[in-house]
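S.K.: Need coordinates for the below:
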Amino acid sequence: MKLNVGVAVLVVTIFAILIDGYSCKVVQFIFGDSLSDVGNNKYLSKSLAQASLPWYGIDFGNGLPNGRFSNGRTVADIIGDNMGLPRPPAFLDPSLTEDMILENGVNYASGGGGILNETGGLFIQRFSLSKQIELFIGTQTLIRSKIGKEAADKYFQGARYVVALGSNDFINNYLMPVYSDSWNYNDQSFIDYLMETLKAQLQLLHTLGARKLMVFGLGPMGCIPLQRVLSTSGDCVDRTNKLALSFNKAGSKLMDDLNAKLPNSSYRFGDAYDVVNNVISNPSKYGFSNSDSPCCSFGRIRPALTCVPASVLCKDRSKYVFWDEYHPSDSANQLIATELIKKFGFTRVDQGNAPSSAPAIAPSPDQD
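M.R.: Numbers count the residues shown, from 1 in each chain. Below is the predicted model:
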């Protein structure tokens, strides 16, 4: 009997230590679009927003497509690495378990997703921000079942939260006449609509335990290769860039208001417009040779909306700001992340492992 009691006490003690360890673990929960997606869309079989074919991922790990819409890492990967945070796996990763969630957090980002539910409808399948938050609620239920409500509440309140969406609400919604939002709103009323929606979503995240949260603003969307090639001059599209600036101004005010209103919150707005604009406007200053066309393109056929095995790669991927028509290259993401870390004073949450280094750039396939 004494032996049984001793074993029981030991088991309870070990379980309590494990729960306390999980509640002290700092992880990330990421909500976003293709700039942060690490594989969710790969498991959305009907989605037209895919990064599941070569040459995506050529400079990441084994060089095979992994769901990231780049040749390498995302900005979130790099910032998280530098902060000592584990890289959260995709929510739809079939190997995801409660233990993995407790150790690493979760990434819900989905290519084509937006703040608005209607955004990206032409892609057929994608997770909007509201859907991503719904999935997060399901994650919380799982974790509470595993470690109990008190430990789970402490775990979620101690986590870091990233919300990085908005570009698709313009590029793949408002600025496309096939979407009703393009004729139901003008520039200002559409941004007001976005802010009202985002405010409700962020307030919901706060009720769910999000205390340390950053919303990232938009870069100069009018300068992505897709926008340039669709313009008559090949220059950046001024109206699109002005919409990004207006979004950032409204988003910054929203975060200030929420930070003052929501108890025990640290809600910040990460305005990266100037950082990205500087790289695009002065590529040589930052070691790039090209900032207006994609490294991965379908010969002279533009726009090539995605990178495919038949695409032609640039000779030196480290010299191109853009990987495809929409997304930055690993080298650009590294530079952008480094500048953001300095600008916003991101610090490490641990004193352990050093951040992961940039991947070695594999040689380009022999293509003319």
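
S.K.: Outside of whichever helix or strand residue 341 is part of itself, list whatever touches it.
M.R.: Element membership for residue 341, per DSSP states H and E: helix 330-344. Contacts to helix 330-344, defined as C-beta atoms under 8 Å, 6 or more residues apart in numbering, come from residues 59-60, 70-75, 77-79, 82, 214, 268, 270, 272, 275-276, 279, 286-288, 317-323, 328, 346, 358-359, 361. Where C-beta positions appear, they are placed from N, C-alpha and C, glycine not excepted.

S.K.: What's the PyMOL line that selects buried ones from those?
M.R.: In PyMOL, selecting the buried portion of the contacts of helix 330-344, with burial taken from 16 or more other C-beta atoms under 10 Å, looks like this:
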select buried, resi 59+60+70+71+72+73+74+75+77+78+79+82+214+268+270+272+275+276+279+286+288+317+318+319+320+321+322+323+328+346+359+361
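
S.K.: sorry, back to before: could you list the alpha-carbon positions for the helix holding residue 341 in PDB?
M.R.: Below are the C-alpha coordinates for helix 330-344, written out as PDB (Å, rounded to 0.1, in the frame of the first residue of the first chain):
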ATOM      1  CA  ASP A 330      14.900  34.800 -48.400                       C
ATOM      2  CA  SER A 331      17.700  37.400 -48.700                       C
ATOM      3  CA  ALA A 332      15.100  40.200 -48.700                       C
ATOM      4  CA  ASN A 333      13.200  38.600 -45.800                       C
ATOM      5  CA  GLN A 334      16.500  38.400 -43.800                       C
ATOM      6  CA  LEU A 335      17.200  42.100 -44.400                       C
ATOM      7  CA  ILE A 336      13.600  43.200 -43.600                       C
ATOM      8  CA  ALA A 337      13.500  41.100 -40.500                       C
ATOM      9  CA  THR A 338      16.900  42.400 -39.300                       C
ATOM     10  CA  GLU A 339      15.700  46.000 -39.800                       C
ATOM     11  CA  LEU A 340      12.400  45.300 -38.000                       C
ATOM     12  CA  ILE A 341      14.300  43.700 -35.100                       C
ATOM     13  CA  LYS A 342      16.300  46.900 -34.700                       C
ATOM     14  CA  LYS A 343      13.400  49.200 -35.300                       C
ATOM     15  CA  PHE A 344      11.100  47.600 -32.700                       C
END
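
S.K.: The least confident helix or strand in the chain by mean pLDDT: what's the following helix or strand?
M.R.: Lowest on mean pLDDT, DSSP states H and E among the helices and strands of the chain sits helix 2-24, with a mean of 44. Downstream of helix 2-24, the next assigned helix or strand under DSSP H and E is strand 28-32.

S.K.: that older thread, list the buried residues of the helix holding residue 341.
M.R.: Buried, per 16+ other C-beta under 10 Å, within helix 330-344: 330, 331, 332, 333, 334, 335, 336, 337, 339, 340, 341, 344.

S.K.: Grab the nearest non-local neighbour of the first one.
M.R.: Same thing as residue 330. residue 72 (2.6 Å; C-beta to C-beta, 6 or more residues apart in numbering).

S.K.: So which of the buried residues of helix 330-344 is the closest to residue 153?
M.R.: The nearest member of those to residue 153, counting by C-beta to C-beta, is residue 344 at 27.1 Å.

S.K.: Tell me which of the contacts of helix 330-344 fall in helices.
M.R.: The helices, defined by DSSP state H, take in 75, 77, 78, 79, 82, 275, 276, 279 from the contacts of helix 330-344.

S.K.: Is it correct that residue 303 is in contact with residue 227?
M.R.: No. At 9.4 Å, residue 303 does not count as touching residue 227 under the criterion of C-beta atoms under 8 Å.

S.K.: What segments of the stretch 51-200 of the chain are helices?
M.R.: 75-82, 98-104, 129-147, 149-157, 167-169, 181-184, 187-207 (DSSP state H, counting those that start in this stretch).
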